[in-house]
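In: give me a 3D structure for the following:
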Amino acid sequence: MPSTGQSTLRAPGESLRRFIAAALRRVGLPEEDAASVARLMADADLQGSDGHGVIRLPQYVQRIEAGGINIRPDIRVVEERAAMAVVDGDNGMGHLVVSRAVQIAIEKARSAGVAWVGTRASNHAGPASLYARMPLAHDMIGLYFAVGNANHMTPWGGMEMLLSTNPIAAGIPAGDEPAVVLDMATTVAAYGKVKAKAKRGEPMPEGWMIDRDGRPLTDPKRAGEGFLLPIGGHKGYGLALIVGLLAGTLNGAAMGRELVDFNADDRTPTNTGQAILVIDLAAFGGAAPFKAAVDALVRDIRQSERLPGVERIWLPGEQSHGKREAYARVGVPLPAALAEDLDRLAERLGIEPLERLPEPPGPA
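Out: Residues are numbered from 1 along each chain as shown. Alright, predicted model coming up:
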C-alpha cells in the first residue's frame, strides 16, 4: 500500500453501484433492496464521503452472513399522528429503513407543513447528508439526526465511552446556487474518517483522538487505544447527548451502554435510531422567495472580505458538490488497500470484480 496515501485507482460511479448491488444480492438481499442500498452507498463515495461508501461493503457483507442484519425486514410504522411517525426497521439495512422514514416525512410535511419521523431497530445507514438532501427535490428542508453505531466518545471529563459520533445534517434548498448542506459529527472527526485514514495509510491530525492518558493519538490503526474528541469541548459533548436522546431514546432505540459496537460484534442487532425532520417551504411563504433569499445570502457570504491568504470562503456542501461533479467525470478514487479488499470479496462471493480506471493525471 502506498505510504503517501494517494489513490492509485478510480472506479466509475455506475461500476460501484453494480458491484455493491451484486455483492448484496449474493448474500441474500432482494434485487430491489440491493439496488437501493447500492445507489446510496455509491452516492456517498461520489460526494467524497469515503468513510461511508464502498469501504463499508465488506463489513456489511460480514454482518449479513453472520445473521446480524435481517435481509427481508418488515419495515413498518408503529406510532403515528398527523405530523409524526416512528418506523420500526425490523433490523433491516439502515439505508432502507431511513429512506422509508424520509419518504413518510415528506408525505406528511405536504399536508402538515412539518413532519418528524424517527426510527428504531435500524442499522448503520451511511452519511447523514444523503438523507438531509432527499427533501430538497421536493422544495423542502431536511434535518437529520442519528445515533452512531459504536461509542467512541466519553462524557466531558470522563473515561468511559458512553457516546457515539451522533451526526447532524441539514439540507437547505437554494435557487441557482448549490443547496446548503451541512453534514457533521459531534466529534471532531467521524469514525468513518478514521477508518479511511487507516485504509489509505495516513496519520490522523492531532486533535481527532487522544489516548487514555490524554495524549494525542495520530495512528489510526491504534484507534482502539483511545477515543474521539467532541467538537467545541464540552459543547460538543452536550450536543452529542441531545442528538442521542432525540434520535435514539425518543424512538426506543439504543443509547449509552445499550449501544452495540458493530465494528466488533457482527451478530447482535444494533437497534440503531435515526430521526428526520422535514419542513415544506410551501407552508412558509413558498419555495421561490426562500430560495432566492438563500441565493443572495450565499453570494454575500462567498463574496465577503477574506482574511489574508484565504483564497475562497466555502459554504457547507460546496466541496461535496464539486466532488460529485468531478468524480462523475473521472471516477471515485480508491485506496490501493481498499481495492485489494474488494477484489478478495469479489473472489469469495463469486461476482465480477469492480471495474477500475487508471488514475488521471493531476487533480480531479
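In: going forward, measure contacts between C-alpha atoms and count neighbours the same way
Out: Fine.
In: what residues are bridge-paired with the closest residue to residue 315 other than its chain neighbours?
Out: Distances taken as Cα to Cα, 6 or more residues apart in numbering place residue 180 nearest to residue 315, at 6.8 Å, with adjacent residues excluded. Note on residue 180: beta-bridge partners by DSSP bridges are residue 172.
In: now stretch 266-273: average pLDDT?
Out: Averaged over stretch 266-273, pLDDT sits at 97.
In: just stretch 31-48 next, same as before
Out: 97.
In: repeat for stretch 301-308
Out: Mean predicted confidence for stretch 301-308 is 97.
In: ends of it, what's the gap?
Out: Stretch 301-308 has an end-to-end distance of 16 Å (Cα to Cα, to the nearest Å).
In: which residues are contacting that stretch?
Out: 312-315 (Cα atoms under 8 Å, 6 or more residues apart in numbering).
In: over to stretch 97-105?
Out: By Cα under 8 Å, 6+ apart, stretch 97-105 touches 75, 83-85, 87-89, 115-119, 122-123, 125, 131, 134-135, 274-278.
In: where in the stretch 1-150 of the chain is pLDDT low?
Out: Scanning the stretch 1-150 of the chain for pLDDT under 70 picks out 1-8.
In: I'd like the next helix or strand past the helix or strand containing residue 39.
Out: Per DSSP states H and E, residue 39 falls inside helix 31-46. Using DSSP H and E, the next helix or strand after helix 31-46 towards the C-terminus is helix 57-65.
In: convert the C-alpha atoms of the helix or strand following that next one to CSV, please.
Out: Using DSSP H and E, the next helix or strand after helix 57-65 towards the C-terminus is strand 76-81. Output in CSV follows, covering the C-alpha atoms of strand 76-81 (Å, rounded to 0.1, in the frame of the first residue of the first chain):
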residue,chain,number,x,y,z
ARG,A,76,-43.4,-0.6,9.3
VAL,A,77,-44.9,2.4,11.1
VAL,A,78,-45.6,1.6,14.8
GLU,A,79,-46.6,5.0,16.1
GLU,A,80,-48.3,7.8,14.0
ARG,A,81,-50.0,11.1,14.2
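In: rewinding a little: reformat the contacts of stretch 301-308 as a markdown table; add pLDDT.
Out: Output for the contacts of stretch 301-308, formatted as a markdown table (pLDDT from 0 to 100):
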| residue | pLDDT |
| --- | --- |
| 312 | 96 |
| 313 | 97 |
| 314 | 97 |
| 315 | 97 |
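In: next, the angle strand 76-81 makes with the longest helix that the chain contains.
Out: The longest helix of the chain (DSSP state H) is helix 94-112. With axes from the mean of the first three to the mean of the last three Cα atoms, to 10 degrees defining the directions, helix 94-112 sits at 30 degrees from strand 76-81.
In: contacting residues around stretch 237-248?
Out: So stretch 237-248 is contacted by 118-120, 145-147, 154-156, 163-168, 186-187, 230-231, 253-255, 272-275 (Cα under 8 Å, 6+ apart).
In: how far off centre is it?
Out: Distance of stretch 237-248 from its chain centroid, counting by Cα atoms, centre = their mean, to the nearest Å, is 17 Å.
In: equivalent analysis for stretch 296-316, please.
Out: Per Cα atoms, centre = their mean, the centroid offset for stretch 296-316 relative to its chain is 26 Å.
In: residue contacts, the residue nearest the centre of the chain?
Out: By Cα atoms, centre = their mean, the chain has its centre lying nearest to residue 127, at 0.9 Å. By Cα under 8 Å, 6+ apart, the contact set of residue 127 is 44, 49, 52, 183.
In: 7 Å instead, please
Out: By Cα atoms under 7 Å, 6 or more residues apart in numbering, the residues touching residue 127 are 44, 49, 52.
In: what number of residues lie near the second one?
Out: Close neighbours of residue 49, defined as other Cα atoms under 10 Å, add up to 23.
In: now it. Its backbone dihedrals?
Out: phi -80, psi 70 (degrees, to the nearest 10).
In: any idea how far it lies from residue 42?
Out: Taken as Cα to Cα, the span from residue 49 to residue 42 is 10 Å.
In: repeat for the last one
Out: If you measure residue 52 against residue 42 using Cα to Cα, the figure is 9 Å.
In: try residue 258
Out: Distance, residue 258 to residue 42, using Cα to Cα: 30 Å.
In: and these two? Which one has more around it.
Out: Between residue 258 and residue 42, residue 42 has the larger neighbour count (other Cα under 10 Å), namely 27 against 12.
In: so that one touches residue 53, yeah?
Out: Yes. Counting by Cα atoms under 7 Å, residue 42 does reach residue 53; the two are 5.9 Å apart.
In: now residue 171: closest residue in space that isn't a chain neighbour?
Out: residue 181 (4.5 Å).
In: that neighbour: what's it in contact with?
Out: By Cα under 7 Å, 6+ apart, the contact set of residue 181 is 129, 170-172, 316-317.
In: low pLDDT regions in the stretch 251-364 of the chain?
Out: In the stretch 251-364 of the chain, residues with pLDDT under 70: 358-364.
In: can you give me the strands for it?
Out: Secondary structure of the stretch 251-364 of the chain (DSSP state E, counting those that start in this stretch): strands located at 272-280, 332-334, 357-358.
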